[in-house]
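model this:
(2 chains)
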Amino acid sequence: MANFLAQFQTIKNASDRLVISVEDVSDLWPTVKPAFEGRLPFKRATLNNKTRNPVFVDTLPAEFILTTDSRLRSRFPQEQFLFWFREPYATVVLVTCEDLDEFKTILKPRLKLIVQNEEREWFVVFVSKAHPANDQANKMAKKVYAKLEVEFNTKKRERCCKYDMHFPEANFWEDLESKIMECIRNTLDRRVQFYEDEIRKLSEQRLMPVWNFCNFFILKESLAFMFEMAHLHDDALREYDELELCYLETVNMTGKQRDFGGADHGDDQATLLNPINKPLTQMVQEDTFREFEFRQYLFACQSKLLFKLNRPIEAATRGYSFIISFSKSLSLHERILPFCMREVWVATACMSLIKATTSNYTDGDVAPDIEKEFFRLLGDLYSLARVKFLRLAYLIGYGTDIERSPVNSASLSLLPWPKPAVWPSVPADSSVEVLEKEKLILQTTSRTKHFGIQRKPLPLEPTVLLREANRRRASLSAGNVSEMFDSRQGPMDGSGFDASTRMSPHKAPPNSMTRTNSSPGNFDSSIDRPMRLAEIFIAAEHALKQTISSPELWRSLSSSEEFEKKYLELTKGAADNYHRSWWKRHGVVLDGEIAAVAFKHGNFDRAAESYEKVCALYAGEGWQDLLAEVLPNLAECQKMINDQAGYLLSCVRLLSLDEGLFLTKERQAFQSEVIRLAHSEMKDPIHLDVSSLITFSGNPGPPLELCDRDPGILSVTVWSGFPDDITLNSITLTLNATYNTDDGVKALKSSTPIVLHAGRNTITLDLPPQKPGSYVLGVLTGQIGDLRFRSHSFSKVGPADSDDFMSYEKPAKPILKVFKPRALVDLDAAVSSALLINEHQWVGILVRPVKYSLKAAVLHIDTGPGLEIKESHVIEMESYAGVSQNKDDQLQNDCAQLNSDKNFERLTLNDGKIEFPNWASDNPSILWVLVRAISDTLSRGSSSATTRRESIVDGMRTIALKLEFGAFHNQIFERTLAVHFTDPFYVRTRVTDKCNDGTLLLQIILHSEVKATLTVYDAWLDLQDGFVHTGQTEGRANSSFFPLVISPTSKAGILFSICLDKTNAEEARKQPESILNIKYGISGSRTIGAHPPVMNESTGVDDARQELIFRSAITLQRPVLDPCLAVGFLPLPSDGLRVGQLVKMQWRVERLKDLDDEGVSKHNDELLYEVKANSGNWMIAGRKRGYASLSTEQGARIIISVLCMPLVAGYVRPPLLGLPDVDEANISCKPAGPHLVCVLPPPLSSSFCIPVNS
Amino acid sequence: MIVCVAVVGHQNNPLYIQSFTEADDALKLHHIVHCSLDVVDERVNNPKRSGPMLNETFLGLLYPIENYKVYGYLTNTKVKFILVTTDLDVKDADVRNFFRRFHAAYVDAVSNPFHVPGKKITSKTFAERVSTIVKSFGFSSAG
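Take a look at the predicted model:
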């Protein structure tokens, strides 16, 4: 059956649609043909697929062929059977008849004969030629057609339809099509069944030796082809898939060595999309097909169907895996294939697949994710083609044009060299080419990296090509490889071009030379001598010329420029497609490759743009090693296009990469670039973000704590990533308030240049007073030359961690806390009790710092009126360990006591200022200031009868204090202290007794006013005029009582006996008051209150008895002896007082003695009286005030009567009689008026009860 | 032969990358690992297409490149393990086993209280353990 292969192919090529045969019984075909063919191709066909499920076919092409046509007639029955798919699927019998007899006699037998072949699916089309106007003819035609129906229609199936030539019925065509379809469907089903049976039969024999794949193939493909003709592409595809599976099984199963194929010219071009590229007969081998061609053929058939099914994406998917798996097969047979066949094939296959799928693909047809997958596949295909192309280019010496980037290295160095049986050798007549190539190699200088970065170039080759090629040459023994290196060693040194450099500089240069000299024998013989690199390239070029049949591909490899063009095309294709897929990284990385080419051609703008994308990708995900490879390129581009900002940023980024990625020298180069640019004149000021390079943090430990209004010095740790010292012209650091965003940012400036060393630095910044709150570090900005940089990166404790720059962690830790305003210090009087007035007394000022240092604090003391400070005297300061107010203080005080046991220091007052000593900065202390309160007024004693009229203001003096403290004397505390001064004693007098002889005993009571023990040494009384001392004491108390000790706040009394004396007006004017003099001493502590006054420095400490004088004025009044007038209240009526009842109040005034000549009243006999009464209680009738005449003689008396009426009941004060003109001392009330009188309620009044009508 | 293993953090940042080639060409392996993240991303972001793989940590073969293979593994914390091998005939079970052991080593390494999560793994013990696992790769009997 394999012999039919050629025929099969021919038939297959010839037939491309279903055939419907036309049995033209009545020569009608030429007439109806146009109308019939106008229905083609059929629309809306419904066919059954292999599983007998109805499938809707949009268009079904078919062809009407007359049975008399040569194409149908010339077939042998056997052929018909084998190639059944091309046989007619339906037979249309065209008849016409206008006469019943004719029908019966001629037509009917003929038709019966035609349709007796049961194999055929047929139906009859009766064509009526009758004109519509011709009723007769129409009737006849109807009759004949009716007969026809009776004859040929069966119950199951109608096989007749009628066609009016002149006036076709409306549903005729539908009817016709459905009949044709029915036939086709039936035929198809039958044939499918047939083929399936045959295939099954063959399959059963598969393991038998008679098995012939070709036969199986013909059957299977016939079936597939039939499906394809019927537009059942899905089924056709399935058949091909099964065929492929079966084929692969056959290939893998048999251990027989078969010819792989692919050795023909032109086989290098993949034909995976062109099934008719090679006739099947050419790939047949014994009972099966050559793998190389046949697999491509199968794939071509599949892809054709896929495109017909509008599934280009699936074609791409299948194609990619086909290419991969086929490439594997090619590598298995590489030894027998032409040199680099595999690479060439894969490259061309990818390109053609890309072309075919993209041309069959329309945008937006499918879901976005499927579309993305498609682009990904295209990208994969492009990059696969690219890799293969690069490999080919490398082999013929374009290696220098290939960027040694990670992507190229990853693709090429993991890709093994081609493994031909024998490496191609140099053609005999190519010495000129070799020389030229060599020259070219010598000329190429490897591109040095920017900034003088020395980096070992990445390999593009899996192993050293030189060694590999020579090893694969049959004639060469592998031993003397090193010999070929030294011949190339010199010029290639450091060029980085080929792997030979790997071996050259270090390993064996000198001695290999000697070895060469020792065995030069085989060096000249051109065959056995190892090939040099140039020779390898030339040999490969020639071999490839043989392999590559595509002129386009060859042209791409023909020159460096063409190579680059193709390289760009492939790279761009891959990158663009990857960008449209999920695989962004692939796309971006390939962009970098495009950038490299652009860079090479000086298109720096474009290169920079692409490099930036690559860098952003790597930086964004922290792939520093890869970034370190690309970033210098970007920097160089930016330098070229004079993008200073970008260039600087790149330099900074280079510096901020892991230190291990660059040598110190290289890093220094980066830095010097930054500094060079910073100090060069820049057109526009550049702002640079150096967050990754200069990081800063607060010092570890608690934050700096400041009180409100305090300036401070903030110390910040700055990490410099620069390899060398760098001078910052100025820096500014902002602080952000944590809980208050409105005016949160404060900038601290330092305009002095700061030199940052590599690594950790501590810088200090002056901190002006800040608002209360807590602050965190914000942004560090500054200037290097003209360059303004900013950093917002916070390092923790270590150096800037390389991973950190991805996540800008905000420092949670505040660096500065400014407290709300509070009392920082307290100034108070140390002693609350009074001090001695007019004496030098220590005033204690208690200075109590409230958790705040008073270091170098200055106290201004300003005394108020009546107080003077003894300037010359020192001021004493001592630490205070008083009773604490709370536990904290207690603790603090305890500590203070432990640490500094009672500090004491003398200070001097300068311009009213005192500077505090250091020890007083943290602990409470007392400042003793020597003051003297001045009071001119003499202290005045008072009578014991009157209450003491105390005036606090008298002894009060104020001291205005102003304390300047804080680090910059910025804190000011002001307070005015009130200090109370007093005399030591308060004196009261009392006449205790009046003796008969006129001697008065004057008791003087001394109240101690101070909290100190007073000792009275002496006391005497200087009496005023009118009084004299009795006895010989001269007013001095008995000395035996002295010294009299008076405890604090206690009293003592001294008795003086005095008597009255004549008064002398002149004397009285001189001394209107008596003076009590007391000589006393005081012993007290200044910490409690009054204390001995300080006389001067020399005697201050001396505890000698200090005698002080206290003077107090006492007013003595001559006693009043005789009252002039006596006033008596006459008794009230006995029946009591009633409200509303008039009552007569009577007072009797009697003159007790004659008025003195200096008497009160000029009107001798007239006496002014006044009655005072509460008007609410009393109603007074008559004159309240008036003159009553009273004789001036002793014994004269009058009665003053006033009519009154009480207004309220109860005990009320009666009206009082006053005599305003007479001194109260001269009035004697005998008897004294009652204090209260009882007033009864008014009697019941009968007048209220009188009837109205009486 | 395993040429490279890598641990990649959930932000796609490299946490640990170790190549086992003799040549000084780690950079290309960095590139391969980095690019393979595209595939991992794609699988993770398109759960529809990865289908039954959704709940599995082992991502399987990421790259059907003809000269090397890249396998992936994704932990619950979105840390990725990548394996690059030039061995073209690798059993899936071996790779699974490898990743399981690698994962265990990783968990031990990051459980170190001195390790900062999200930072590069610098532990020498981890490196030694990984190289042991890599060396024993392929001997599937090894637990």
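
residue contacts, whichever residue of the stretch 1051-1200 of chain A sits closest to chain B?
At 59.5 Å from chain B, residue A:1087 is the closest residue in the stretch 1051-1200 of chain A, using C-beta to the nearest C-beta. (Each C-beta comes from the backbone N, C-alpha and C, glycine too.) Residues counted as contacts of residue A:1087 (C-beta atoms under 8 Å, 6 or more residues apart in numbering or on different chains) are A:830-831, A:844.

next, give phi and psi for it.
phi -80, psi -10 (degrees, to the nearest 10).

count residues in the vicinity of the residue lying closest to residue B:83 once chain neighbours are set aside, would you?
Distances taken as C-beta to C-beta, 6 or more residues apart in numbering or on different chains place residue B:71 nearest to residue B:83, at 4.4 Å, with adjacent residues excluded. By other C-beta atoms under 10 Å in any protein chain shown, 25 other residues sit near residue B:71.

one more: residue A:101?
By other C-beta under 10 Å, the residues close to residue A:101 number 9.

residue A:85 too?
Residue A:85: 25 surrounding residues under other C-beta under 10 Å.

show me the contacts for the residue lying closest to it once chain neighbours are set aside.
For residue A:85, ignoring the flanking residues on the chain, the nearest one in space by C-beta to C-beta, 6+ apart is residue A:226 at 3.9 Å. Contacts were defined as C-beta under 8 Å, 6+ apart; by that measure residue A:226 touches A:84-85, A:188, A:191-192, A:195.

quick one: which of those residues is nearest to residue A:562?
The closest of the contacts of residue A:226 to residue A:562 turns out to be residue A:85 (C-beta to C-beta; 47.6 Å).

surely the closest one touches residue A:222?
Yes: when contacts are counted by C-beta atoms under 8 Å, residue A:85 is listed as touching residue A:222 (5.2 Å).

so residue A:276 sits in a strand?
No: with DSSP: H, G, I helix; E, B strand; the rest coil as the criterion, residue A:276 is assigned coil and is not in a strand.

which residue packs closest to it, ignoring adjacent ones?
Among residues not flanking residue A:276 along the chain, residue A:13 sits closest, at 7.0 Å (C-beta to C-beta, 6+ apart).

which residues sit against the helix or strand hosting that neighbour?
Using DSSP states H and E, residue A:13 falls within helix A:5-14. By C-beta under 8 Å, 6+ apart, the residues outside helix A:5-14 that reach it are A:79, A:82-83, A:86, A:214, A:218, A:221-222, A:225, A:276, A:279-281, A:284.

for residue A:1185, give me phi and psi.
phi -130, psi 140.

what distance separates stretch A:580-595 from the centre of its chain?
Centre-to-centre, stretch A:580-595 and its host chain are 29 Å apart (C-alpha atoms, centre = their mean, to the nearest Å).

what mean pLDDT does it get?
For stretch A:580-595, the mean per-residue pLDDT is 90.

quick one: buried ones out of the contacts of helix A:5-14?
Among the contacts of helix A:5-14, the ones that count as buried by 16 or more other C-beta atoms under 10 Å in any protein chain shown are A:79, A:82-83, A:86, A:214, A:218, A:221-222, A:225, A:280, A:284.

in these, find the pair that's most separated.
Among those, the pair separated by the greatest distance (C-beta to C-beta) is A:86 and A:284, at 21.3 Å.

I'd assumed the residue nearest to residue A:85 was in a helix, is it?
Yes: when three-state DSSP is applied, residue A:226 is found to be in a helix.

list, one by one, the residues from chain B near chain A.
Proximity of chain B to chain A is confined to B:3, B:11-14, B:23-32, B:34-35, B:37-39, B:41-42, B:45-46, B:48-49, B:64, B:66-68, B:86, B:118-120 under the rule C-beta under 8 Å from any C-beta of the partner chain.
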